[in-house]
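Enquirer: okay, predicted coordinates and the sequence, questions at the end:
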Amino acid sequence: MEQEISKLSLLWTLCGLTCHQCGLKCVKNRDHKENHVCLTDHKCHFSCHFTEAHKDIIIPECSHKAGHEGKHACDKISHLCGKPCSLIDKRNYQKVCSKKIGHDDNEHLCQSKRHYCGKNCTLSSYTQKGDYQCLNKCIMSYEEEHDLHLCENTICPIQYPIPNCKERCQSDDHFHAFSDLQVNHFCGNEHQCRELCKDNGICQVVTKPKEQEEIYRGLVEETSITFTKVGIIQKCIKIPPNEFKHTGKHTHKENGFHYCDAKCHVRYPMDTLQTHDTGYGIMTQTEFTGEDNEFEYAGYKLRVGDQGTFFLCNLFCKGLGRHRHIDYCQNVINCKDGNQGRDIQHINEKVLPNPDKPKDFISHISHKLFWKRTGFKDPYSVQDQQEFEK
């Protein structure tokens with residue numbers, strides 16, 4: 001959430017550098033790649049400064065670009081020299097000479113106090129996010145000798161290299177990248193480690209499960225299922241400011257508590273000896289089998305090998321009424337000798353899944369035995385359990 005808020009904030013952060021067509025400021029996003037644009041008509045709309053020359057008429061607007069230096073002058077009457085500025089090939093010029101009409105010297109200069117060099121900014125660097133080249137132009141005076149072309153951006157514009165971080169380097173030196181052979185562009189914030197917690201167990205158990213919808217692609221047809229998710233593996237701890245990674249293992253909290261990870265997730269400590277609860281579970285580890293390869297159950301067209309993903313543990317048996325369960329043999333020799341118990345019947349045929357692995361029928365009378373084998377608490381009411389045993 002913090003990263004999304006940061007992205008939204010950056011989206012609304014304006015560039016603020018000078019428009020490439022006038023003297024106003026750029027209102028595009030801070031990280032735009034195109035020319036700086038103020039999104040106006042670039043015209044100065046102030047009235048002409050030379051009001052006395054416009055006696056009985058409406059004072060016309062200035063003819064210069066918006067944000068210009070010096071006095072506002074229209075082009076209706078010749079107030080100034082008006083000949084092309086001698087430095088017309090330089091940046092930050094105002095086109096026409098602002099000296100008096102008929103001035104003695106031959107140098108025509110506009111009102112701009114400083115004509116820029118205009119060459120590309122020198123800043124160029126290789127970063128973990130690719131090559132960076134500052135696209136701005138040099139604002140050093142054309143008269144001043146200089147080897148380093150400096151634009152009007154005074155801070156380091158290179159982004160912090162961790163993926164998904166759009167923040168710029170915290171340095172206020174535009175040429176921070178040139179300060180050493182190896183330069184780290186830290187933004188000064190902490191960052192979420194992209195890894196998940198690697199500790200054993202479940203980081204969080206949601207007591208009020210959140211419903212999620214997915215498509216189960218069965219062997220016969222697709223089925224839309226809504227299930228509840230209760231066990232959450234949380235994200236790893238955050239990376240401290242001015243670091244590229246945190247110390248230690250990936251964990252959601254140092255020495256943090258983790259719940260048992262047996263499905264369904266229960267609010268017991270990891271390695272608990274208590275019976276697990278299937279209160280919110282879906283039968284993700286159950287596969288259907290049958291005498292026919294294709295069959296129908298509860299309105300679903302199924303095939304041998306389909307998973308029980310779209311059935312809840314605490315509703316499946318109830319929907320079947322009186323029924324048997326199939327489970328793998330606990331003791332193959334006893335099964336074949338008929339010593340496995342009166343409520344267990346060995347299956348002599350090969351049955352999917354894993355046809356070479358021996359299996360048993362567990363009688364409807366031994367509903368409790370089946371759930372005991374799973375290691376989970378029987379999710380059915382006493383009344384339901386009594387009904388199954390009839």
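Expert: Okay, I see it. Residues are numbered from 1 along each chain as shown.
Enquirer: spit out the contact partners of the residue nearest to residue 118 when sequence neighbours are not counted.
Expert: Distances taken as C-beta to C-beta, 6 or more residues apart in numbering place residue 91 nearest to residue 118, at 3.9 Å, with adjacent residues excluded. Just so you know, the C-beta spots here come from the backbone N, C-alpha and C atoms, and that holds for glycine as well. For residue 91, the set of contacting residues under the criterion of C-beta atoms under 8 Å, 6 or more residues apart in numbering consists of 115, 116, 117, 118, 137, 139.
Enquirer: could you rerun that using 7 Å?
Expert: Residues in contact with residue 91, defined by C-beta atoms under 7 Å, 6 or more residues apart in numbering, are 116, 118, 137.
Enquirer: how close does the closest residue to the first one other than its chain neighbours sit to residue 350?
Expert: Counting by C-beta to C-beta, 6+ apart, the nearest residue to residue 116 once its immediate chain neighbours are dropped is residue 91, at 3.9 Å. Residue 91 sits 85 Å away from residue 350, going by C-beta to C-beta, to the nearest Å.
Enquirer: cool, residue 196 as well?
Expert: Taking C-beta to C-beta as the measure, residue 196 and residue 350 are separated by 40 Å.
Enquirer: those two: who's more crowded?
Expert: Taking other C-beta atoms under 10 Å, residue 196 and residue 350 do not tie; residue 196 has more neighbours (15 against 11).
Enquirer: wait, the more buried one touches residue 237, no?
Expert: No: when contacts are counted by C-beta atoms under 7 Å, residue 196 is not listed as touching residue 237 (11.2 Å).
Enquirer: in the stretch 201-350 of the chain, which spans are helices?
Expert: 313-320, 332-337 (DSSP state H, counting those that start in this stretch).
Enquirer: compare the ones you listed and say which comes out lowest on pLDDT.
Expert: If you rank the helices of the stretch 201-350 of the chain by mean pLDDT, helix 313-320 sits at the bottom with a mean of 66.
Enquirer: tell me which residue of this structure is furthest from the middle?
Expert: Distance from the C-alpha centroid of the chain peaks at residue 104, with 65.5 Å (C-alpha atoms, centre = their mean).
Enquirer: and it, which of the three is it?
Expert: At residue 104, secondary structure determined by DSSP: H, G, I helix; E, B strand; the rest coil is coil.
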